[in-house]
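S.K.: what shape does this take:
(one chain, ligands or ions: 1)
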Amino acid sequence: MASAISNTVLDIDRIRAEFPILHRETQLGAPIIYLDSAATSQKPRQVIDIMSRYYEQQNANIHRGIHRLAEEATQSFEEARNKIAHFINANSSKEVIFTRNTTEAINLVAYSWGRANLQAGDMLLLTEMEHHSNLVPWQMLAAEKDLHLEFIPVTDEGLLDWTAFEHFLLREPRLVAFTHMSNVLGTINPAAEMVSLAHQAGALVLIDGAQSAPHLKVDMQTIGADFYAFSAHKMCGPTGIGVLYGREKLLASMPPFLGGGDMIRRVHLRSFTPNELPHKFEAGTPAIAEAIGLGAAVDFLESVGLEKIHQHEQLIVSYALERLEEIPGVVVYGPRPEKKGGVVSFKLDGVHPHDVAQLLDTVGIAVRAGHHCAMPLHERFHLPATTRASFYLYTMEQEIDRLVEGLYKVKEIFS
Ligand code: PLP
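M.R.: Numbering: from 1, shown residues only. Coordinates of the predicted model:
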């Protein structure tokens, strides 16, 4: 049974009923408390069902066959693409490229756009709060092409240093790449404002939307980014599929990323002509069932409403901060609730985050411990690791209470 805060915006019991795994009992005979949605979200029944139905009723390869199953599979796959284009308000489904995940989407841009357009000495502007997925591809490109990388610093509060950002823009970076929402601090960066300033400075903009697309209404027309990357598995969809949104004109001007089937129009022994968008960037048999599953995830999220999901998470995160800050020895990183999404990273004095996570697991609570693929950000805060609790539309305040009780137990064991 959910209580006051949890039901303020969403009918939490009805939502939770859609997620079979949330009813799985732990060894303690109580349902699992899943506070690790920033790593991957749980999946509602309609996503699981549509993928099984695809394999039971439609399974065939797409775009090539002329038999009935192939036509149906192709139609379901392309319908999923259309749903995603609508979900992010892209101009056309040609701007929606299926990748394996956010990481591959960013690598695609670094490899294709970066290799074709950047020259030695060019500057790329990133931030100190990036996930490794939005750092390492640029480091690899920088090493290959002798580029210059700069980083917008993070303030003690966990926000981007705006003065430094404006200062770096005067040096005319070719690309600004930043996360819309930090997977450690929860910080929601003012994406549209940053894009507008970066464009005025002549830069293109890539946004890592892995933590924002699942939780906020992201509108490509309002945000205005040139590229936007996200993963299905963090937004109620399956693993193995992600999306690169790119402005059509830009994608059309870029060389292919991977070569093979589907991304070509014609092939001769010594040459090929690439296919049109979006297929130019989708070499080989794609993750068909997964794309269809992502389409169902988008339907599910839209039926609940992204604004409501965000409001719910803000209530939960405010409550979590309030409760965690009661515990002596807990230090929480990141900005105040108004500027953050449903992610809380913290340290508990005298206890290693891995021990915290392991002990919480013994009482049926799943959190994450480590550097969360953001080692430079942890270095910035002089931390080897943190414990992270992350929330989604199915998180209830009672789960936060259980987390707090669990942390008191951890403290007792280590006192
Ligand atoms: N960017 C951010 C901010 C993330 O939180 C993550 C995953 O945790 C990624 C990128 C990488 O996502 P994926 O592993 O699905 O490629």
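
S.K.: so which residues on the chain come close to the ligand?
M.R.: 38, 101-103, 131, 133-134, 179, 183, 208, 210-211, 231, 373 (Cβ under 6 Å from any ligand atom). Any C-beta I mention is one placed from the backbone N, CA and C, and that applies to glycine too.

S.K.: and which of these is nearest Phe414?
M.R.: Ala38 (25.4 Å; Cβ to Cβ).

S.K.: any idea how far Ala164 is from that closest one?
M.R.: Distance from Ala38 to Ala164, counting by Cβ to Cβ, to the nearest Å: 26 Å.

S.K.: between these two, which has more neighbouring residues?
M.R.: Higher neighbour count among Ala38 and Ala164: Ala38, with 28 against 18, using other Cβ atoms under 10 Å.

S.K.: that older thread, secondary structure added to the residues of the chain next to the ligand, as TSV?
M.R.: Below are these laid out as TSV (DSSP: H, G, I helix; E, B strand; the rest coil):
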residue	secondary structure
Ala38	coil
Asn101	coil
Thr102	helix
Thr103	helix
His131	coil
Ser133	helix
Asn134	helix
Thr179	strand
Asn183	coil
Asp208	strand
Ala210	coil
Gln211	coil
Ser231	strand
Cys373	coil
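
S.K.: in JSON lines, list those residues along with pLDDT.
M.R.: Formatted as JSON lines, the residues of the chain next to the ligand follow (pLDDT from 0 to 100):
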{"residue": "Ala38", "pLDDT": "98"}
{"residue": "Asn101", "pLDDT": "98"}
{"residue": "Thr102", "pLDDT": "98"}
{"residue": "Thr103", "pLDDT": "98"}
{"residue": "His131", "pLDDT": "98"}
{"residue": "Ser133", "pLDDT": "98"}
{"residue": "Asn134", "pLDDT": "98"}
{"residue": "Thr179", "pLDDT": "98"}
{"residue": "Asn183", "pLDDT": "98"}
{"residue": "Asp208", "pLDDT": "99"}
{"residue": "Ala210", "pLDDT": "98"}
{"residue": "Gln211", "pLDDT": "98"}
{"residue": "Ser231", "pLDDT": "98"}
{"residue": "Cys373", "pLDDT": "97"}
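
S.K.: for Thr222, which three-state class applies?
M.R.: Classification of Thr222 using three-state DSSP returns helix.

S.K.: next up, the contacts around it.
M.R.: With contact taken as Cβ atoms under 8 Å, 6 or more residues apart in numbering, Thr222 is in contact with Asn89, Ala192.

S.K.: got a list of what the residue in the stretch 301-415 of the chain that the ligand sits nearest to touches?
M.R.: In the stretch 301-415 of the chain, the residue that lies nearest the ligand is Cys373 (5.9 Å; Cβ to the nearest ligand atom). Cys373 is in contact with His131, His132, Ser133, Asn183, counting by Cβ under 8 Å, 6+ apart.

S.K.: how about Glu104?
M.R.: Contacts of Glu104 (Cβ under 8 Å, 6+ apart): Gly242.

S.K.: look up phi and psi at the nearest residue to Phe19 once chain neighbours are set aside.
M.R.: Distance criterion Cβ to Cβ, 6 or more residues apart in numbering; nearest residue to Phe19, sequence neighbours excluded, is Gln42 at 4.9 Å. The phi/psi pair for Gln42 (degrees, to the nearest 10) reads phi -80, psi 170.

S.K.: same deal with Arg388?
M.R.: phi -120, psi 130.

S.K.: please apply the same query to the one 4 residues further on.
M.R.: Per-residue torsions, Tyr392: phi -150, psi -170 (degrees, to the nearest 10).

S.K.: surely it meets Ser41?
M.R.: Yes - at 5.5 Å, Tyr392 counts as touching Ser41 under the criterion of Cβ atoms under 8 Å.

S.K.: can you check which residues contact both of the two?
M.R.: Counting by Cβ under 8 Å, 6+ apart, the residues touching both Tyr392 and Ser41 are Pro214.

S.K.: ok, Leu269 - contacts?
M.R.: Counting by Cβ under 8 Å, 6+ apart, Leu269 has no contacts.

S.K.: and Lys280, backbone torsions?
M.R.: Main-chain dihedrals, Lys280, degrees, to the nearest 10: phi -50, psi -30.

S.K.: give the contact list for it.
M.R.: Contacts of Lys280 by Cβ under 8 Å, 6+ apart are Leu251, Pro256, Met263, Pro274.

S.K.: do that again at 7 Å, thanks
M.R.: Each residue near Lys280 by Cβ atoms under 7 Å, 6 or more residues apart in numbering is listed here: Pro256, Met263, Pro274.

S.K.: one more: Glu72?
M.R.: Contact analysis of Glu72 by Cβ under 7 Å, 6+ apart lists Gln58.

S.K.: confidence score at it?
M.R.: For Glu72, the model assigns a pLDDT of 96.

S.K.: likewise Phe281?
M.R.: At Phe281, pLDDT is 98.
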